[in-house]
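Chemist: Starting from these lines, generate the structure:
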Amino acid sequence: MRLIRTRLTWYSFLLSGFFTFIINIQGNIIPSLRDELGLSYRTVSLHASAIAAGMIAAGLLTERIVATLGRRGAFLLAVAGSVAGMLLICVAPTAAVSIAGCGLIGLTGGMIPGVMGGLVAQIHGGARDQAFAEAGAVTYACAITANFATGAAVALTLGWRAAMLFGVVCGVALVAVYGRDAMPEAPRRAANGRERLPAASWAFLTMLGLGVALEMCMLLWSPTFLEQAVGLPRSAAATAAAAFPAAMLLGRWAGSVAVRRVPPAVLYPATLCLLAPGFLLYWGGFAAPLAVAGLFIAGLAISLLYPLSLSFAIGAAGGVGDAASARSALAAGSAVLTAPIALGSLADRVGLSHAYLIVPALAAAILLCFFAARAMERRRPIGADAALS
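Modeler: Below you'll find the predicted structure:
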């Protein structure tokens, strides 16, 4: 099925990018905030935890909010809350205020991917795989934009708040351009009970969470690994680590084309298998150019995990696809909350190089989830509706 991009398509894509921009910019501005407020590393870590906790709550609440406000209203609430959270961080006199701002961003902004998934699946039907891959490419482009925005603001002596205010302006502009557009609402739920997601959909959501965990481990820890294990100077390691998000962006754009030619059920495990040679080059003690090349290959391997997992979960949910979309924030938030901390705790005990073996372990778990979920789908009677509680 051919993908026809409408205004609602671009609104969904750009809102997802807006949320990713906000999440990514936190890593750039938190060091400055730490210096201004005199925060400990433990207190700094609470900012990321607050965002993740808010995303988990969003995964539980989004479905009810959409039922009450509609998709359009949920999007407006998500943008308003995210903008308020960013402004709170900008004016925060204490860590408690900045942490509250992060929590508000996670709680409200975390609704965006949950609403977007169901909307895009309903609009584009059989072309949803391509749509989700393209949405993923847009989100990573916006993530990289966050780095450029912060760097430009600092270089121009405008301060980190200027980069945050740029995000505020982008959110307001999106609502001004697209916020009045009508959009289809979620299909009405059964009146005689609350529908439950099929087991296959939960398995795909678990796979989604594991994929996010894998992505976070590579994204957040690669600068440190390239410095400590590969031996690059700190500035060079930070620059070289950009190979991973660059590969994620390239992989998602390429994936949006590939899904039109290769069945997603074949593309998903085939792409993930690229992780083996990439990780070996990255982790195996080779020279820096080979290690960076391995990091790039790993980024390509991981690039399609989230968008295809989301598409699988919504497809397996049948008539309750919006519930699966909403629960994606729960899976992603749980991964963001736990994965980097788990790898860091392992690194404290056994060293970063050995701790990084969590990456192939996560990849193996993802493949197991994939084949288990596919088996559950095949066992499910054709045309079966989601069970009722």
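Chemist: looking at the protein, which helix or strand does the model trust least?
Modeler: helix 234-240 (a mean of 76; mean pLDDT, DSSP states H and E).
Chemist: Just the helices from the stretch 201-350 of the chain, written as ranges.
Modeler: 234-240, 243-258, 264-272, 275-283, 288-302, 305-317, 321-350 (DSSP state H, counting those that start in this stretch).
Chemist: buried stuff in the fourth one?
Modeler: When you say that, I think you mean helix 275-283. 275, 278, 279, 280, 281, 282, 283 (16 or more other Cβ atoms under 10 Å). In this view, the C-beta of every residue, glycine as well, is placed from N, C-alpha and C.
Chemist: which helices and strands does it pack with?
Modeler: helix 288-302, helix 358-379 (3 or more Cβ pairs under 8 Å, 6 or more residues apart in numbering; DSSP states H and E).
Chemist: now do the longest one
Modeler: Packing partners of helix 321-350 (3+ Cβ pairs under 8 Å, 6+ apart): helix 41-91, helix 111-124, helix 199-228, helix 305-317, helix 352-355, helix 358-379.
Chemist: And the second one, by the same measure?
Modeler: Helix 243-258 makes packing contacts with helix 128-155, helix 199-228, helix 264-272, helix 288-302, helix 305-317 when contacts are defined by 3+ Cβ pairs under 8 Å, 6+ apart.
Chemist: could those be laid out in TSV, adding distance to residue 33?
Modeler: Formatted as TSV, the helices and strands packed on helix 243-258 follow (distance: least, Cβ to Cβ, whole Å):
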stretch	distance to residue 33
helix 128-155	12
helix 199-228	18
helix 264-272	36
helix 288-302	28
helix 305-317	28
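Chemist: mind checking which of those helices is nearest residue 185?
Modeler: Closest approach to residue 185 among those (Cβ to Cβ): helix 305-317, 16.2 Å.
Chemist: what angle separates that closest one from helix 358-379?
Modeler: Put simply, helix 305-317 runs at 20 degrees to helix 358-379, going by axes from the mean of the first three to the mean of the last three Cα atoms, to 10 degrees.
Chemist: circling back: what about the helices of the stretch 201-350 of the chain, which gets the closest to residue 210?
Modeler: Checked against Cβ to Cβ, the stretch from those lying closest is helix 321-350, at 7.1 Å.
Chemist: mind checking how far that closest one is from the chain centre?
Modeler: Taking Cα atoms, centre = their mean, to the nearest Å, the mean C-alpha location of helix 321-350 is offset from the chain mean by 10 Å.
Chemist: List the buried residues of that helix.
Modeler: 321-337, 339-340, 342-344, 346-347.
Chemist: Now for residue 18, how many residues are close by?
Modeler: 24 (other Cβ atoms under 10 Å).
Chemist: Please work out which of the helices and strands packed on helix 275-283 is packed deepest.
Modeler: Ranked by mean neighbour count under mean count of other Cβ atoms under 10 Å, those are led by helix 288-302, which reaches a mean of 22.
Chemist: Report the separation between residue 116 and residue 279.
Modeler: For residue 116, the distance to residue 279 equals 31 Å [Cβ to Cβ, to the nearest Å].
Chemist: How about residue 373?
Modeler: 23 Å.
Chemist: next one: residue 79
Modeler: From residue 79 to residue 279 the distance is 38 Å (Cβ to Cβ).
Chemist: Residue 150 too?
Modeler: Taking Cβ to Cβ, one finds residue 150 at 29 Å from residue 279.
Chemist: okay, now residue 11: neighbour count?
Modeler: Neighbour tally, residue 11, other Cβ under 10 Å: 21.
Chemist: so which strand or helix has it?
Modeler: helix 7-37 (DSSP states H and E).
Chemist: about what we covered before: list the contacts of the least confident helix or strand of the chain.
Modeler: Outside helix 234-240, the residues that touch it by Cβ atoms under 8 Å, 6 or more residues apart in numbering are 223, 224, 226, 227, 230, 232, 288, 292, 295.
Chemist: What of stretch 25-37?
Modeler: 39, 44, 47-48, 51, 89, 92, 94-95, 98, 102, 146-147, 149-150, 159-160, 163-164, 167, 220.
Chemist: Can you classify residue 181 as helix, strand or coil?
Modeler: Under DSSP: H, G, I helix; E, B strand; the rest coil, residue 181 falls in the coil class.
Chemist: And for it, the neighbour number?
Modeler: 12.
Chemist: Grab the nearest non-local neighbour of it.
Modeler: Excluding its sequence neighbours, the residue lying closest to residue 181 (Cβ to Cβ, 6 or more residues apart in numbering) is residue 7, at 5.7 Å.
Chemist: Distance check, the nearest residue to residue 286 once chain neighbours are set aside against residue 254.
Modeler: Closest residue to residue 286 apart from its sequence neighbours, by Cβ to Cβ, 6+ apart: residue 294 at 7.4 Å. Using Cβ to Cβ, we find residue 294 at a distance of 18 Å from residue 254.
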